[in-house]
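1. Turn this into a model:
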Amino acid sequence: MDFDEIFKFTIVASHLCNESKNPNCVESFPKVDLRNRPNIAPLYLSFDFFWKYCPLSIMSIDLSNNSMKGGFPTDVFCCTQIQSLDLSINAFSGDIPIQSFSPLTNLTFLNLSYNCFSESKLSDSQFFKRFNSSSFLHSGALLDQKRFTLKAVALLVCFPTLVIFMVICLVWLCFQRPDFLPSKLQRGRRFTPAILKAATDGFSNKYLVGMSDVVHIYKGILRDGTEVKIEMYWDDIPRDSYRRFVEECKVLCKLHHKNLVKVLGWCKSRKFRAIITEWTREENVEMWLSGSGPPWNHRVKVLMGVVECMRYLQEEWPEIDYELDTSSLLLSDNMEPLISRFKVGDHNNNQRKIHRFGIFLLEMILNKRVQEEFGGGDAGFFTYMSRTLNLADLLQMIDERMEINETNFHQVKQTLSLGSMCIDQSKSEKLSLALILNTVSKAYKASLVLPSTNHRIFHRERFKGNVPLKTN
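-> This is a model prediction of the structure:
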């Protein structure tokens, strides 16, 4: 035998007897009573040597109402002769070791109530038949019928409610905020009022960049960080017009060219309709021409981009009509022209498109001050030119800020001649977009060659007739 362990057991047992106020603890040790002793009970429960050598006289162990935690105290099974075990009103958890109770053949009273044991099928075991349900009240080990009923009711009520709530949320996302859904579940190019409201911070004035009686223009930021331009139209149109508006937007969303402002989608509601496009810089060609006075090679680059876009639309989307005004044509950061106003029109308007391009071409080359001095406005001015002025007269109106020299004079003259032919109704019918593209392309390629330093710059007074006057 381990005498050290026995000695320690003796000391503990003596003290435990004193704590239990048992007058016969020397002759016998029938009971361990540590109920309502939360500071001492865990200590004695930790003395495994005591339970190993506990006297055979111990018949009752009471550790109730001590708020002890942890698993079932299996050390008490060493006292195989006990008749009563009370572990109630604690916080024991885990499984009840049912099989370990088999050696306790004298155990007639057991109280495990008010604990946190794991739920188990005690009612189906022989162990449960040795005692009654009062031994396991609120222990967590028995199936609580009332609690089971509450769980079943909660499951039958809450689960369908949760499903309905999730369906409602999904429907709301689909119809109000599809931008929260994965890209595969989003509804194409259609935006909702809720998306536009979120993108503009509730249509805040700080995002408002322009407005009129019919249209409000906002800068918006979508959920993924994309900056967009939102044109909101507040006009009241018939239902058929709404349907036609949507069909046109579906077509416009399919256009893809570097010189076209990209249409991202549309929005249709009871109060307004909107077109959403990519956000571009605010500078248009008119501001660019009047402000910085760009050189010839920059202007012909813009003309080249416009003609290439015209060819793309004619070949792929002949039903698309567009505006070529300097006020509506925008510029990207790398000086690429962007046609910003276009719509679904008719197929038989090629002559009108060529005429518009001719006006735009002359606006790109001629001095704006000459146009402003003419009282008939832009349209009347170019009509007057097409009827009364020849190429030599047009050369006198060239914007001097382009600094025309010997190298690019021929390209400027050919381009002016092309513009004059485009606005001439009798000649524009014979022009094809292929011929226009070829002429502008030659001028553009020639502008890419840097002029040498000895090339002279010609002024307006030198443009006489079809060729410049030379000097020694």
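2. going forward, measure contacts and count neighbours with C-alpha atoms only.
-> Noted.
3. Output the below-cut-off pLDDT ranges for the stretch 351-472 of the chain.
-> 368-390, 425, 427-429, 450-472 (pLDDT under 70).
4. Could you check how far the residue lying closest to residue 391 once chain neighbours are set aside is from residue 357?
-> Excluding the flanking residues, the one nearest residue 391 by C-alpha to C-alpha, 6 or more residues apart in numbering is residue 417, at 6.4 Å. Counting by C-alpha to C-alpha, to the nearest Å, the gap from residue 417 to residue 357 is 13 Å.
5. burial count for the residue nearest to residue 391?
-> Burial of residue 417 is recorded as 18 neighbouring residues (other C-alpha atoms under 10 Å).
6. Can you tell me the element residue 197 falls in?
-> helix 193-199 (DSSP states H and E).
7. What average pLDDT does that helix get?
-> When pLDDT is averaged along helix 193-199, the result is 92.
8. buried residues in it?
-> Residues of helix 193-199 classed as buried by neighbour count (16 or more other C-alpha atoms under 10 Å): 193, 195, 196, 198, 199.
9. Let me know whether residue 139 touches residue 120 as I believe.
-> No - look at residue 139 against residue 120 with C-alpha atoms under 8 Å: they stay out of range, at 10.7 Å.
10. which one of these two has more residues nearby?
-> residue 139 (25 against 14).
11. Per-residue pLDDT of that one, please?
-> 84.
12. how far does stretch 129-145 sit from the chain's center?
-> 54 Å (C-alpha atoms, centre = their mean, to the nearest Å).
13. whoops, stretch 282-290 was the one
-> 34 Å.
14. Buried residues, that stretch. List them.
-> Under 16+ other C-alpha under 10 Å, the buried positions of stretch 282-290 are 284, 285, 286, 289.
15. cool, and stretch 271-278?
-> For stretch 271-278, by 16+ other C-alpha under 10 Å, it's 272, 273, 274, 275, 276, 277, 278.
16. Likewise for stretch 102-110?
-> Going by 16+ other C-alpha under 10 Å, stretch 102-110 has these buried residues: 107, 110.
17. what do you get for stretch 313-323?
-> Quick answer for stretch 313-323 (16+ other C-alpha under 10 Å): 313, 314, 317, 318, 319, 320, 321, 322, 323.
18. same question for it, mean pLDDT?
-> 92.
19. per-domain residue ranges of the protein.
-> 3-143, 146-175, 185-278, 285-468 (automatic domain parsing).
20. Would you pull up how far the first one lies from the middle of the chain?
-> It stands for domain 3-143. 61 Å.
21. before we move on, back to that, just the buried residues of helix 193-199 now: which is nearest residue 65?
-> Nearest to residue 65, judged by C-alpha to C-alpha, of these is residue 198 at 58.6 Å.
22. Let me know the distance separating that closest one from residue 209.
-> As defined by C-alpha to C-alpha, residue 198 lies at a distance of 17 Å from residue 209.
23. returning to what we had before: secondary structure and distance to residue 91 added to the buried residues of stretch 271-278, as TSV?
-> TSV is the format used below for these (DSSP: H, G, I helix; E, B strand; the rest coil; distance: C-alpha to C-alpha, whole Å):
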residue	secondary structure	distance to residue 91
272	coil	65
273	strand	65
274	strand	65
275	strand	66
276	strand	63
277	strand	65
278	strand	64
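24. what about the residue lying closest to residue 261 once chain neighbours are set aside, how many neighbours?
-> Excluding its sequence neighbours, the residue lying closest to residue 261 (C-alpha to C-alpha, 6+ apart) is residue 340, at 5.3 Å. Neighbourhood size, residue 340 [other C-alpha under 10 Å]: 21.
25. Now do the contacts for residue 340.
-> Counting by C-alpha atoms under 8 Å, 6 or more residues apart in numbering, residue 340 touches 260, 261, 323, 328, 329, 330.
26. quick one: buried residues of the lengthiest helix in the chain?
-> Looking across the chain with DSSP state H, the single longest helix is helix 145-175. Using 16+ other C-alpha under 10 Å as the test for burial, helix 145-175 gives 174, 175.
27. Show me what secondary structure element comes after it.
-> strand 190-191.
28. in its sheet, what does that next one sit against?
-> With DSSP bridges as the test, strand 190-191 is paired with strand 263-268 (parallel).
29. so where is the stretch 201-350 of the chain shaky, pLDDT-wise?
-> 346-348.
30. Mind jotting down where the strands sit in it?
-> Along the stretch 201-350 of the chain, counting by DSSP state E, counting those that start in this stretch, strands occupy 208-211, 215-221, 227-233, 263-268, 273-278, 320-322, 329-331, 337-339, 342-344.
31. now swap in the stretch 1-150 of the chain and tell me
-> 31-33, 60-62, 69-70, 84-86, 91-94, 109-111, 116-117.
32. Residues touching stretch 312-329, excluding its own?
-> Counting by C-alpha under 8 Å, 6+ apart, residues outside stretch 312-329 touching it are 257, 284-287, 337-347, 356-357, 360, 363.
33. Those, buried ones only, as a ChimeraX selection?
-> Here is the ChimeraX command that selects the buried residues among these (16+ other C-alpha under 10 Å):
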select :284,285,286,337,338,339,340,343,344,356,357,360,363
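34. thinking residue 65 is in contact with residue 92, fair?
-> No - with contact taken as C-alpha under 8 Å, residue 65 and residue 92 are classed as non-touching, separated by 11.3 Å.
35. Which one of those two is surrounded by more residues?
-> Higher neighbour count among residue 65 and residue 92: residue 92, with 23 against 19, using other C-alpha under 10 Å.
36. That one and residue 34: what is the separation?
-> From residue 92 to residue 34 the distance is 16 Å (C-alpha to C-alpha).
37. again, but for residue 268
-> 78 Å.
38. Name the residue in those two with the higher neighbour count.
-> residue 34 (22 against 19).
39. Quick one: low-confidence residue ranges for the stretch 51-200 of the chain.
-> Along the stretch 51-200 of the chain, the model assigns pLDDT under 70 to residues 121-125, 143-148, 184-188.
40. try 80
-> Counting by pLDDT under 80, the stretch 51-200 of the chain has low-confidence residues at 55-56, 119-130, 132-133, 141-154, 172-175, 180-188.
41. Which strands and helices lie in contact with the helix holding residue 197?
-> The contact analysis (3 or more C-alpha pairs under 8 Å, 6 or more residues apart in numbering; DSSP states H and E) places helix 193-199 against strand 215-221.
42. mind running it again at 10 Å?
-> Contacts defined by 3 or more C-alpha pairs under 10 Å, 6 or more residues apart in numbering; DSSP states H and E place helix 193-199 against strand 215-221, strand 227-233, strand 263-268, strand 273-278.
43. Can you tell me which of those is nearest to residue 47?
-> strand 215-221 (69.4 Å).
44. Show me which positions of the closest one end up buried.
-> 215, 216, 217, 218, 219, 220, 221.
45. Export the buried residues of stretch 271-278 to a markdown table and append columns for distance to residue 131.
-> Compiled in a markdown table, the buried residues of stretch 271-278 are given as follows (distance: C-alpha to C-alpha, whole Å):
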| residue | distance to residue 131 |
| --- | --- |
| 272 | 77 |
| 273 | 77 |
| 274 | 77 |
| 275 | 79 |
| 276 | 77 |
| 277 | 79 |
| 278 | 79 |
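46. Perfect, that will be all.
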